[in-house]
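Undergrad: here's a sequence, model it:
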Amino acid sequence: MDKRAGPRSQRLSACAGSNPVRRIMVKILVFTEGTIIMHKSKGAIHDYASYVPIGNAAEKLQKWKSQGAELLYLTSRRTPEEVGQIKEVLGRNGFPAGELLFRRKDEEYKDVAEKVVPDILVEDDCESIGGAKEMTITHVSPEIRKRSKSVVVREFGGIDHLPDDVSILGKS
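TA: Presented below is the predicted three-dimensional model:
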């Protein structure tokens, strides 16, 4: 191997006639309930298996993933059965692959976020349960807060209005 050529990706991008695709490697942690999925009706709040996407959330996340984003999902559910139901909802509705995270015993949302240290944290404003004091970003350590861009959307308002371009999302 010619050591002067540098890393493989650099060699490939320098080939004549190549049209390299710029891959953005960014880790995005997306809260599920209230941010990208929701109950069908008021009476179905605890029927997690029947949850539906908010707007075109699956398509938005597909766009981010196609740009190289690593997607992680964070659910409010804790029991294996309920976590499984949320996983099924995501799969059934075309959400891109990504690990579904949840709080273990004695964990808070901040603990999960601090373990994965996302570049971008997308969550809703928690208006129905108390607002900013209930949001994940409010409770993460200052060090993690500096490293993670917080993107807050209106509860049940979806993410359709967010930029399609991940590099713009990280700056918005």
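Undergrad: helices and strands around the top helix by length along the chain, which ones?
TA: Longest helix of the chain, by residue count under DSSP state H: helix 80-92. Applying 3 or more C-beta pairs under 8 Å, 6 or more residues apart in numbering; DSSP states H and E, one finds that helix 80-92 contacts strand 37-38, strand 99-101. Any C-beta I mention is one placed from the backbone N, CA and C, and that applies to glycine too.
Undergrad: dump those strands to TSV, plus mean neighbour count.
TA: Converted to TSV, the helices and strands packed on helix 80-92 look like this (neighbours: other C-beta atoms under 10 Å):
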stretch	mean neighbour count
strand 37-38	22
strand 99-101	16
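Undergrad: now those strands as a markdown table including mean pLDDT and distance to residue 166?
TA: Shown next, in a markdown table, are the helices and strands packed on helix 80-92 (pLDDT from 0 to 100; distance: least, C-beta to C-beta, whole Å):
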| stretch | mean pLDDT | distance to residue 166 |
| --- | --- | --- |
| strand 37-38 | 98 | 21 |
| strand 99-101 | 98 | 18 |
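Undergrad: of all those, which lies closest to residue 67?
TA: Taking C-beta to C-beta, strand 99-101 is the member of these nearest to residue 67, at 18.5 Å.
Undergrad: partner strands of the closest one and their direction?
TA: strand 69-74 (parallel) (DSSP bridges).
Undergrad: which outside residues touch the longest helix of the chain?
TA: 32-33, 37, 48-49, 51-52, 73, 75, 77, 100, 102 (C-beta atoms under 8 Å, 6 or more residues apart in numbering).
Undergrad: how about these, which pair is most distant?
TA: Farthest pair in these, by C-beta to C-beta: 52 and 102, 19.9 Å.
Undergrad: more neighbours, these two?
TA: residue 102 (20 against 13; other C-beta atoms under 10 Å).
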